[in-house]
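Participant: Build me a model:
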Amino acid sequence: GGQLQAAESRYEAQKRITQVFELEILDLYGRLEKDGLLKKLEEEKAEAAEAAEER
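Facilitator: This is a model prediction of the structure:
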């Protein structure tokens with residue numbers, strides 16, 4: 001029936017949207033890594049953790 005078809009096409013649309021988001025996020029992470037931003041964030045986190053331990 002039409003209802004099942006509507007549900008299926010909704011599901012397909014959601015699946016496509018999810019895939020697009022995943023690709024966007026992977027692309028973003030790739031660019032961040034390339035720019036060394038992630039490494040910088042990790043270093044800052046480590047420094048913050050060390051500072052907290054010194055107290």
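Participant: any idea how far the helix ranked longest in the chain is from the chain center?
Facilitator: Counting residues, the longest helix in the chain under DSSP state H turns out to be helix 2-34. Distance of helix 2-34 from its chain centroid, counting by C-alpha atoms, centre = their mean, to the nearest Å, is 12 Å.
Participant: And the pLDDT at the residue nearest the centre of the chain?
Facilitator: Nearest to the geometric centre of the chain sits Ile25, at 4.3 Å (C-alpha atoms, centre = their mean). Ile25 carries a pLDDT value of 94.
Participant: roughly how far apart are it and Leu32?
Facilitator: Remark: distance between Ile25 and Leu32 (C-beta to C-beta, to the nearest Å) = 10 Å. (Glycine included, C-beta is placed from N, CA and C.)
Participant: Now do the helix or strand hosting Ala48 against helix 2-34, angle only.
Facilitator: Assigned by DSSP states H and E, Ala48 falls within helix 37-54. Orientation check (axes from the mean of the first three to the mean of the last three C-alpha atoms, to 10 degrees): helix 37-54 against helix 2-34 gives 70 degrees.
Participant: What's the mean pLDDT across helix 37-54?
Facilitator: On average, helix 37-54 scores 88.
Participant: could I get it in CSV with only the CA atoms?
Facilitator: Extracted C-alpha coordinates of helix 37-54, given in CSV (Å, rounded to 0.1, in the frame of the first residue of the first chain):
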residue,chain,number,x,y,z
LEU,A,37,44.3,21.6,15.0
LEU,A,38,43.4,18.3,16.6
LYS,A,39,47.0,17.7,17.8
LYS,A,40,47.0,21.2,19.3
LEU,A,41,43.7,20.5,21.1
GLU,A,42,45.1,17.2,22.4
GLU,A,43,48.2,18.9,23.7
GLU,A,44,46.2,21.6,25.4
LYS,A,45,44.0,19.0,27.0
ALA,A,46,47.1,17.2,28.3
GLU,A,47,48.5,20.4,29.7
ALA,A,48,45.2,21.2,31.4
ALA,A,49,45.2,17.7,32.9
GLU,A,50,48.8,18.1,34.2
ALA,A,51,48.0,21.5,35.7
ALA,A,52,45.0,20.0,37.5
GLU,A,53,47.2,17.3,38.9
GLU,A,54,49.7,19.7,40.3
